Every structure is written in structure tokens, then in C-alpha cells.
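Enquirer: Dropping the sequence and predicted coords here.
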Amino acid sequence: MSTWRDDPNAIPPWNERPKCHCGFRTWLQVWTDPLPQGKKGCRFFKCPDIDDDFKACTFMQWIDTRPLGRVSLKEEQERRVRQQQIRLKGKEDELKRRRAELGQREAALKIQEEQFQAREAQFKREVEEQKNRYKEPAQSSTTDGRNKKGKFLRSTQ
């Protein structure tokens, strides 16, 4: 059984592609420049460079040691479609990873919000307790037998 390395037109499965220094799965490309000599038409893995930090990743790994044979227009179109599918898969994987991170962040925020609400409720209870403490002595001073002007009331006994 031949593998993708033996077939010059085969594309390796996504999970068999190396990861670049950025941590992304690499894209498969074909060298089109005349230099270095003898490499035109060779396949290689390259960083998709989809990181948003604007740093250029220089990862590159050759697959072929010599150029591929001529491919038909149809084969070239199929290869490009497969490359686009691979790029799309990479973006989908990145989106899935970011959604998972977002879910974790939302969960952490929910916990923080609940903790804040609990502290806020505790603070309100403490404020109410302090208000009640200060009300009690003020009420008891008016019941010591004096009227509003401070004079003692006579008892009718």
C-alpha cells in the first residue's frame, strides 16, 4: 500500500502534518521559484502564519527531494481545492480552540460575579445590622420617664 509520501499528488492527512513553531498545523505548498536550483515543483510544509501577533514564522519543511512531474490542470485545481480545505480545517480548529477558551473565561467570570454578589449581600446585611444597633439605644432613651422637653412625667399612682 502506498502512502502519501510515495504518491507525488497525494496530500497527507491533517493529523500527520507537522506543527510549526507557532503551534499550528502546517500548510502544504509547492515551490514555484527557480531558486534554489532543483527545488521548483517540490512540495513543502509551511507555517499558515494565521497568528494575530504580526510575527513572521519561518517554519518550512521539505517533503520532496526532487521536483514533481508535470501535473495536469485538473490535478492542479484539485490540489488547490484540497489546500483550501486544509486551510479551512486549520481555521475551524483555531475557532474551536478559541471558543473553548472563551467558554472557560465565561465560566470564570460567572464565578467571580457570584462571589461579588455574595459579598455585596453580606455587606448589605452588615449595614442593616449596624443601623439596627444604632436605632435601639435611641429608642430606649425616650422611655426613661421624660417627656420631649426633658422634664420628668408625674405618675398617677
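Expert: Cool, got the structure.
Enquirer: Now do the helix or strand that contains residue 115: distance to the chain's middle.
Expert: With elements delineated by DSSP states H and E, residue 115 resides in helix 73-141, which encompasses its position. Taking the mean of its C-alpha atoms, helix 73-141 sits 12 Å from the chain's own mean (C-alpha atoms, centre = their mean, to the nearest Å).
Enquirer: So what's the model's average confidence on that helix?
Expert: Taken as a whole, helix 73-141 has a mean pLDDT of 87.
Enquirer: got it, and stretch 17-36?
Expert: What stretch 17-36 shows for mean pLDDT is 81.
Enquirer: Quick one: residues in contact with that stretch.
Expert: Contact partners of stretch 17-36, identified using C-beta atoms under 8 Å, 6 or more residues apart in numbering, comprise 11-12, 14, 39-51, 57-59, 61, 63, 68, 79, 83, 86-87, 90, 93-94. Placement of C-beta: from N, CA and C, glycine included.
Enquirer: Buried residues, that stretch. List them.
Expert: Within stretch 17-36, the residues that count as buried by 16 or more other C-beta atoms under 10 Å are 17, 20, 24-28, 30-31.
Enquirer: And it, end to end?
Expert: With C-alpha to C-alpha, to the nearest Å as the measure, stretch 17-36 spans 24 Å from end to end.
Enquirer: chain center to it: distance?
Expert: What separates the centre of stretch 17-36 from the centre of its chain is 25 Å, taken as C-alpha atoms, centre = their mean.
Enquirer: just to revisit the earlier point, restricted to buried residues, select the contacts of stretch 17-36 in ChimeraX.
Expert: Restricted to buried positions by 16+ other C-beta under 10 Å, the ChimeraX selection for these reads:
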select :11,12,39,41,42,43,44,45,46,47,48,57,59,63,79,86,90,94
